[in-house]
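Visitor: below are the sequence and a predicted model for it; my questions follow.
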Protein chains: 2
Amino acid sequence: MSAPLAHLVDDDDAMRDALAWLLRSRGIDSRAWNCAEAFLGDYRADMRGCLVLDIRMRAMTGLELFDHLLALDCAMPVIFLTGHGEVPQAVKSLKKGAFDFLEKPFDDNELADRVIEALARDTDNRARGQLIDQTQKRLANLTQREQEVMKAILAGKMNKVIADELDIAMRTVEVHRAHVFEKMAVRSAVELTQLLAQLPR
Amino acid sequence: MSAPLAHLVDDDDAMRDALAWLLRSRGIDSRAWNCAEAFLGDYRADMRGCLVLDIRMRAMTGLELFDHLLALDCAMPVIFLTGHGEVPQAVKSLKKGAFDFLEKPFDDNELADRVIEALARDTDNRARGQLIDQTQKRLANLTQREQEVMKAILAGKMNKVIADELDIAMRTVEVHRAHVFEKMAVRSAVELTQLLAQLPR
DNA sequence: GGCGATATTGTGGATATCCACTACCCGCGC
DNA sequence: GCGCGGGTAGTGGATATCCACAATATCGCC
């Protein structure tokens, strides 16, 4: 597992060095690539931290790289660096979920602040993401019948009603109910509800 | 209660007319103001629809108007119209919750599409907002004790545990519990949990 | 002083849930 | 054939929740 890192992608050697130095001065480690393709080649889903992408690069642009990463379910926050006057791209990127969009020449402190925020965001995302993953694994581990019963429980139905609807004995519902609680690692319907309420809706 | 409407604020007479005509051709009613101050004077919290704001106006700018509206808890989606090259403002506005940010000259169809989306968003927001308002009113209607008991219920505690912690009889907890369910208009702890899970966290 | 809201408690019974022990049936894979 | 996972089901008891009926006490307000 890699440590949180600012991942810089820019084809301007001087800019990469300047960024790395700036971030280092604020206590942030970074790693740099000189083109989008190189980054994609090294990309791994367990990378942690944030991305700082230059928009204009010779081959693949920062925006195209962003699209590729979205397709790969990359959850790292992305900060774009851009020249002047690219409002439509900025708007589009932010709506797609980019973390920020800074116009060159940017203020050093501002960029560093944004990177710090982005790193914090990533840490939050990871924590929430793990919980979600775990919960979904547990959900997937329920049998068909158990899922049906769970759904009914979440609808607030009593065991005898559920038994009636599924046309099985109340005792059987109790068994499924207990299995649901056990597999979902909760001890009550309330806990179950709260757990599932955290899933993306 | 006013009907959903596109609220146009632009100090360019020709632009207002063009916008109104464009929207009308797509079946969208609109009302127009020639300056931010005039709109603020007419603004009412129960206005429904969306806003289309020109950024550059003689006195108060669209951005300043947006800030005023945010302070007034205005929930209508805002679409900004802007000249070229205002990336920082666009980014800032979107992060504050603006719905969109279009650069002039914009494509007529695109703008109309965005307005339609914004109107739909407003309708959604209203529906959710009403539920939230109602729920919060009900929450505020709970007595101190009832809120304490509710909190404990949501923590999954059994009545006897709650009684122990609050140092009261179990019977009293039952009474408070019943009051909570009654006042919140739910019939079980599960329903209560689901209701509260919809509140902004 | 009475009235209403709030908080408190009791009794007793109807329901519901939780749980241990037990058991049968079916389909699938080794 | 036998084990295993999954679904089904009964008995019986321990707990918990829900609720009707009833009562006491405090506090603020008209």
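Guide: Right, received. Where do you want to start? Everything numeric in this text was worked out from a predicted model, so none of it was measured.

Visitor: max-length helix in chain A?
Guide: Taking DSSP state H as the criterion, chain A has its longest helix at helix A:108-140.

Visitor: now do the buried residues in that helix.
Guide: A:111-112, A:114-116, A:118-119, A:122, A:135, A:139 (16 or more other Cβ atoms under 10 Å in any protein chain shown). (C-beta placed from N, C-alpha, C; glycine too.)

Visitor: make JSON lines from those and add pLDDT and distance to DNA strand C to it.
Guide: JSON lines is the format used below for the buried residues of helix A:108-140 (pLDDT from 0 to 100; distance: Cβ to the nearest atom of the strand, whole Å):
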{"residue": "A:111", "pLDDT": "96", "distance to DNA strand C": "52"}
{"residue": "A:112", "pLDDT": "97", "distance to DNA strand C": "50"}
{"residue": "A:114", "pLDDT": "97", "distance to DNA strand C": "47"}
{"residue": "A:115", "pLDDT": "98", "distance to DNA strand C": "48"}
{"residue": "A:116", "pLDDT": "97", "distance to DNA strand C": "45"}
{"residue": "A:118", "pLDDT": "98", "distance to DNA strand C": "43"}
{"residue": "A:119", "pLDDT": "98", "distance to DNA strand C": "42"}
{"residue": "A:122", "pLDDT": "97", "distance to DNA strand C": "38"}
{"residue": "A:135", "pLDDT": "95", "distance to DNA strand C": "19"}
{"residue": "A:139", "pLDDT": "95", "distance to DNA strand C": "19"}
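
Visitor: returning to what we had before: now do the following helix or strand past the longest helix of chain A against helix A:108-140: the angle between them, please.
Guide: Downstream of helix A:108-140, the first helix or strand assigned by DSSP states H and E is helix A:144-154. Taking axes from the mean of the first three to the mean of the last three Cα atoms, to 10 degrees, one finds helix A:144-154 and helix A:108-140 inclined to each other by 120 degrees.

Visitor: is chain B contacted by the helix or strand following helix A:144-154?
Guide: Moving toward the C-terminus from helix A:144-154, the next helix or strand (DSSP H and E) is helix A:159-166. No. Helix A:159-166 lies apart from chain B when judged by Cβ under 8 Å from any Cβ of the partner chain; the minimum separation is 12.1 Å.

Visitor: and for residue A:173, the neighbour number?
Guide: Neighbourhood size, residue A:173 [other Cβ atoms under 10 Å in any protein chain shown]: 25.

Visitor: could you do the one 3 residues further on as well?
Guide: Residue A:176 has 24 neighbours, counted by other Cβ under 10 Å.

Visitor: and the gap between it and residue A:159?
Guide: 10 Å (Cβ to Cβ, to the nearest Å).

Visitor: quick check: residue A:17 vs residue A:24, distance?
Guide: 10 Å.

Visitor: how about the residue nearest to the spatial centre of chain A: what's its closest non-neighbour residue?
Guide: The centre of chain A sits closest to residue A:75, judged by Cα atoms, centre = their mean, with a distance of 3.5 Å. Nearest residue to residue A:75 in three dimensions, chain neighbours excluded: residue A:125, at 5.3 Å (Cβ to Cβ, 6 or more residues apart in numbering or on different chains).

Visitor: how about the residues of chain A that lie near DNA strand D?
Guide: A:143-146, A:166, A:168-172, A:175-176, A:179 (Cβ under 7 Å from any atom of the strand).

Visitor: does residue A:191 really touch residue B:154, like I thought?
Guide: No. Assessed by Cβ atoms under 8 Å, residue A:191 is found out of contact with residue B:154, at 9.7 Å.

Visitor: tell me the domain ranges of chain A?
Guide: For chain A, automatic domain parsing gives the domain ranges A:5-127, A:141-197.

Visitor: how far does the longest one stretch from start to finish?
Guide: Distance between the boundary residues of domain A:5-127 (Cα to Cα, to the nearest Å) amounts to 16 Å.

Visitor: and residue A:200, how many residues sit next to it?
Guide: 6.

Visitor: wait, residue A:179 sits on residue A:146?
Guide: Yes. Residue A:179 is in contact with residue A:146 according to Cβ under 8 Å; the separation is 5.4 Å.

Visitor: quick one, which of the two is more surrounded?
Guide: A count of neighbours by other Cβ under 10 Å puts residue A:146 above the other of residue A:179 and residue A:146, at 20 against 16.

Visitor: which non-adjacent residue is nearest the residue in chain A sticking out farthest from the centre?
Guide: For chain A, the residue at maximal distance from the C-alpha centroid (Cα atoms, centre = their mean) is residue A:169, at 42.6 Å. If the residues on either side of it in the chain are set aside, residue A:169 comes closest to residue A:163, at 6.1 Å by Cβ to Cβ, 6+ apart.
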